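Participant: Have a look; sequence and predicted model below, questions after that.
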Amino acid sequence: MDRNPQQRLAEFENVALGYADQLFRVALRLVKDRAHAEDLVQETYLQAWRSFDRFEPGTNLRAWLYKIMFNTRHSQRRRRRLQLVQFEETVAETIAYDPPTPQGLIDEEVLAELEKLPRDYQIPVVLVDVEGFTYRELAEALNIPIGTVMSRLHRGRKLLRMGLAKFAHEAWRQTATEGS
Amino acid sequence: MDCRKFRDVIDSYLCGELLVETNHEILRHVEQCPACREEMAARRNLRETLRRAGAQSRLSEEAKERLRHRLREEASRSLKARSAIGSLLHRIFSPRLPPALAASALLVAGYLYFGSHSSPRVQAAELSERLMQEAAEEHNDCAFHYKDGPEPEAMNPNAVAYNPIFAGLDQVAKRHTRGMKLRLAHFCNIVGRNFVHLGFTNGDEMVSLLITERDTKAMKNGVAPTDDGLRAGLQGALQGKYRVAAYQTSKHIVLVVSEFSEAQTKELAESLAAPVSEHLRRLENLKPTPTVTASAR
């Protein structure tokens, strides 16, 4: 392990920097402002570099980087619990309702609805459906059991579909009214 | 499988997270139930929209540069602690100069070192995990739909319009399939990447041969490769239940995806992907690849 730090850094950059865009996209959802998101990504890479010696080759580097990012963010602010409780209830109320997914979706609609999801559901949906994480990778990155991952993902996707169906319905009503 | 269960697991199916048996149940259900067929199409469409629309933002080049800069700063700090140059500079500067100045001198030393030794980054043309994932998804999304399809007569015109060197690729591949049946020869970018996709069946099993551009996103280090791809050799990855193995040419990456074992995948790649790569290499050398204008339909 006692190699030249510069060779080590080259190695680190080689394997890790490719994920910068992906990390940035999720960082944007955690802090909602480009400058802060850039800082968060930078802090994540610095942390990762400092503990790169402890990273086991062959394990999932991408999930490890995300885990560091979530931890970094978490230690920056510690009051996140409240949100989850409220939404568990909303979800429970609507659990039986599952409208068909609308066809012909517009990018902006989908992004807007995604934005509305509570963070605890939004992040799993983003990591799997946008960034292409496997369920296992997601569990590793969020540091939660795979069962929890699957239920959050399931609910997140469902909330998203419900939002989109509502949107489609309203748009349809609007055209119907305008037409008459 | 009933409709409720189907709707519960359909997203997991689309991202390749289900067991093979469940996949079969899904396909059986979808054949019988038009409403669920429609729902599946809508969910797939939603997934594609998410993927495309959600992945737009990128870290700016300036921010990336700042990031590299900070990392090098950190590295030269440990250089200061460890290396002979560090201690030497430290000894020369620190008694006379304020620490900040000494640190910046070290920084300069760090840059000089990097400037002349920046090549280790390029070493082998390693492929990105993202590419492996996209290949597995492409296989999962497309292959199953064509499982029982009739043998295509020629490459899909879109593939040829995309790049004429793909004309006749199905014929080349067919010479090396060892009895597998060709079911699919199309051009597709369902997962946000252009793939020329040849799908085969081997009894019940599906095998995909995928060809895609060797662009920066396909490379692990995010840097455009400048070599001919020969030295990269065969690279493989396990993506969920799929195994992916890939060869590289100077312009393209040739991948095989299947559910075979590691050894079988290697053999499959050597018997099928290797000759296809050879074929592409020859054509790439004959003429420069035309600029890509066609897009998937």
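Facilitator: In hand now; what should we look at? Numbering: from 1, shown residues only, chains lettered A, B, ... in the order given.
Participant: Can you pull the poorly scored residue ranges out of chain A?
Facilitator: A:1-3, A:76-97, A:172-180 (pLDDT under 70).
Participant: wait, the stretch 151-297 of chain B
Facilitator: B:287-297.
Participant: Would you map the helices across chain A?
Facilitator: A:5-16, A:20-31, A:34-50, A:61-76, A:81-94, A:107-116, A:119-125, A:135-142, A:146-179 (DSSP state H).
Participant: need those helices in CSV with distance to chain B and mean neighbour count, can you?
Facilitator: Every C-beta, even on glycine, is put in place using the N, C-alpha and C of the backbone. Conversion of the helices of chain A to CSV gives the following (distance: least, Cβ to the nearest Cβ, whole Å; neighbours: other Cβ atoms under 10 Å in any protein chain shown):
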stretch, distance to chain B, mean neighbour count
helix A:5-16, 4, 20
helix A:20-31, 4, 21
helix A:34-50, 5, 19
helix A:61-76, 6, 18
helix A:81-94, 15, 12
helix A:107-116, 4, 15
helix A:119-125, 8, 21
helix A:135-142, 5, 20
helix A:146-179, 6, 16
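Participant: would CSV of those helices with distance to residue B:55 be doable?
Facilitator: Shown next, in CSV, are the helices of chain A (distance: least, Cβ to Cβ, whole Å):
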stretch, distance to residue B:55
helix A:5-16, 19
helix A:20-31, 7
helix A:34-50, 15
helix A:61-76, 14
helix A:81-94, 25
helix A:107-116, 11
helix A:119-125, 13
helix A:135-142, 16
helix A:146-179, 16
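Participant: What is the neighbour count of the closest residue to residue B:18 other than its chain neighbours?
Facilitator: Nearest non-adjacent residue to residue B:18, counting by Cβ to Cβ, 6 or more residues apart in numbering or on different chains: residue B:12, 5.3 Å away. Other residues within reach of residue B:12, judged by other Cβ atoms under 10 Å in any protein chain shown, total 18.
Participant: so which helix or strand takes in the residue most central in space within chain B?
Facilitator: Nearest to the mean C-alpha position of chain B, by Cα atoms, centre = their mean, lies residue B:131 at 1.5 Å. Using DSSP states H and E, residue B:131 sits in helix B:129-138.
Participant: moving C-terminal of that helix, what's the next helix or strand?
Facilitator: helix B:157-162.
Participant: Buried residues in that next one, which are they?
Facilitator: B:158-162 (16 or more other Cβ atoms under 10 Å in any protein chain shown).
Participant: Please compute how far the helix or strand following that helix lies from its chain's middle.
Facilitator: Sequence-wise, the next helix or strand downstream of helix B:157-162 (DSSP H and E) is helix B:169-174. Taking Cα atoms, centre = their mean, to the nearest Å, one finds the center of helix B:169-174 at 22 Å from the center of the full chain.
Participant: residue contacts, the residue of the stretch 151-297 of chain B found nearest chain A?
Facilitator: Across the stretch 151-297 of chain B, no residue is closer to chain A than residue B:222, which sits at 4.3 Å (Cβ to the nearest Cβ). Contacts for residue B:222 were tallied using Cβ atoms under 8 Å, 6 or more residues apart in numbering or on different chains; they are A:17-18, A:20, B:128, B:216.
Participant: same deal with residue B:183?
Facilitator: By Cβ under 8 Å, 6+ apart, residue B:183 lies in contact with B:143, B:146-152, B:199-201.
Participant: Equivalent analysis for residue A:150, please.
Facilitator: residue A:135.
Participant: Look at residue B:257 and give its secondary structure.
Facilitator: strand (DSSP: H, G, I helix; E, B strand; the rest coil).
Participant: quick one: it from residue B:142, how far?
Facilitator: 10 Å (Cβ to Cβ, to the nearest Å).
Participant: Common neighbours of the two, please.
Facilitator: Residues touching both residue B:257 and residue B:142 by Cβ under 8 Å, 6+ apart: residue B:208.
Participant: Neighbour count: the two, which is higher?
Facilitator: Taking neighbours as other Cβ under 10 Å, residue B:257 and residue B:142 compare with residue B:257 leading, 29 against 20.
Participant: Find the centremost residue of chain A, please.
Facilitator: In chain A, the residue lying closest to the centroid (Cα atoms, centre = their mean) is residue A:123, at 2.5 Å.
Participant: Dihedrals phi and psi, residue B:210?
Facilitator: phi -120, psi 140 (degrees, to the nearest 10).
Participant: Then the one 3 residues further on?
Facilitator: Comment: the main-chain dihedrals of residue B:213 come out as phi -70, psi 150, following degrees, to the nearest 10.
Participant: what's near enough to touch it?
Facilitator: Counted by Cβ under 8 Å, 6+ apart, residue B:213 has contacts B:194, B:251-253, B:292.
Participant: Report the two of these separated the most.
Facilitator: B:253 and B:292 (14.8 Å; Cβ to Cβ).
Participant: So those two - more neighbours on which side?
Facilitator: Neighbours per residue, other Cβ under 10 Å: of residue B:253 and residue B:292, the larger number sits with residue B:253, 28 against 11.
Participant: Against which helices or strands is the helix or strand that the more buried one is a member of packed?
Facilitator: Using DSSP H and E, residue B:253 maps to strand B:252-258. If contacts are counted by 3 or more Cβ pairs under 8 Å, 6 or more residues apart in numbering or on different chains; DSSP states H and E, strand B:252-258 sits against helix B:129-138, strand B:205-213, strand B:242-248, helix B:262-268, helix B:274-286.
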